[in-house]
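1. the following block contains a protein sequence and its predicted model.
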Amino acid sequence: MAILQAIYRPQTVAEAMQLLARTDQRLVPLAGGTRLIGQLETRALTGVDGVVDLRLLGLGNIAFDGAQLSIGAMTTLTELLEHPVAGALASGVLRTAAQGEGPVNLRNAATVGGVVASAEPDSEFYAALLALGATVTLHDGKGSSTVALADLAAVVGLITAVQVPVTDLRGGLARVARTPSDRPIVAAVAVRGAGVERVALCGVAAKPVLRGAELDPPDDYRGSAEYRRAMVEVLVARALAI
């Protein structure tokens, strides 16, 4: 594992941003650690002097105001899928997608903000947030701003919350994978309601995208680019039919 010089545990977002802005050390944020720890252990991520532990920032709450869920960035996937409103949203599609991120021990550690920041190409949870029209709140050290997840080109600053509108939607998720417990090769998440139809895809670009975006599927041992493209409309049709 990479040798770290320091672990910082700030108690406010402003303090965390001051630490991450330091130029005398290269510090990275630590949320659930499900990806970062592995990168440090295998030295896939080098040149890191220390981590900024985000656990004391008070970002682990879920609030529902009757129209929108506001999910703190440090909320774990387990906490989210057990939440009565989040778990039932759009026929339970967010719960199903969260379960697809990995086994329970991973879901107990992985955070909503971490999944969004990582934007892994095969993340069904990220795709579900896209389909649900989620927005993301970021803090840049000076103040907060909110942007649609679909428009989030890169994470600049610290993710503090993710918002999901709560409306009367039906949802469906369709996937192909090597085994039922594997992460998907390709997946489609669809939501439908009054005047709304959104479909998000994962496994076909550098990160999950909404249907209609340019696709650039990988060509690897799990599936060729041609196969992944061929599965898109099949899975879209299945997701919309659920």
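-> Looks like it came in fine.
2. host element of G92?
-> Counting by DSSP states H and E, the element that carries G92 is helix 84-99.
3. flag every buried residue along that helix.
-> 86, 89-99 (16 or more other Cβ atoms under 10 Å). No exception for glycine: its C-beta is placed from N, CA and C like everyone else's.
4. dump the residues you listed to JSON lines, plus pLDDT.
-> JSON lines is the format used below for the buried residues of helix 84-99 (pLDDT from 0 to 100):
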{"residue": "A86", "pLDDT": "95"}
{"residue": "L89", "pLDDT": "94"}
{"residue": "A90", "pLDDT": "95"}
{"residue": "S91", "pLDDT": "95"}
{"residue": "G92", "pLDDT": "96"}
{"residue": "V93", "pLDDT": "96"}
{"residue": "L94", "pLDDT": "95"}
{"residue": "R95", "pLDDT": "95"}
{"residue": "T96", "pLDDT": "96"}
{"residue": "A97", "pLDDT": "96"}
{"residue": "A98", "pLDDT": "95"}
{"residue": "Q99", "pLDDT": "94"}
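5. now the residues you listed in TSV, with distance to L69?
-> Listed next are those as TSV, based on distance: Cβ to Cβ, whole Å:
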residue	distance to L69
A86	6
L89	7
A90	11
S91	16
G92	14
V93	13
L94	9
R95	13
T96	16
A97	14
A98	13
Q99	18
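6. hang on, the earlier thing: list the helices and strands the helix holding G92 packs on?
-> Contacts defined by 3 or more Cβ pairs under 8 Å, 6 or more residues apart in numbering; DSSP states H and E place helix 84-99 against strand 68-72, helix 77-82, helix 124-131, strand 158-165, strand 169-176, strand 186-193.
7. if we can go back for a sec, of the buried residues of helix 84-99, which is the nearest to T34?
-> For the buried residues of helix 84-99, the minimum distance to T34 (Cβ to Cβ) is 13.0 Å, reached by A98.
8. ok, the closest one - contacts?
-> 77-78, 80-81, 107, 125, 128 (Cβ atoms under 8 Å, 6 or more residues apart in numbering).
9. just put these in TSV and tack on neighbour count and distance to T160.
-> Formatted as TSV, these follow (neighbours: other Cβ atoms under 10 Å; distance: Cβ to Cβ, whole Å):
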residue	neighbour count	distance to T160
L77	28	17
T78	17	20
L80	25	16
L81	19	21
R107	22	21
F125	28	18
A128	29	20
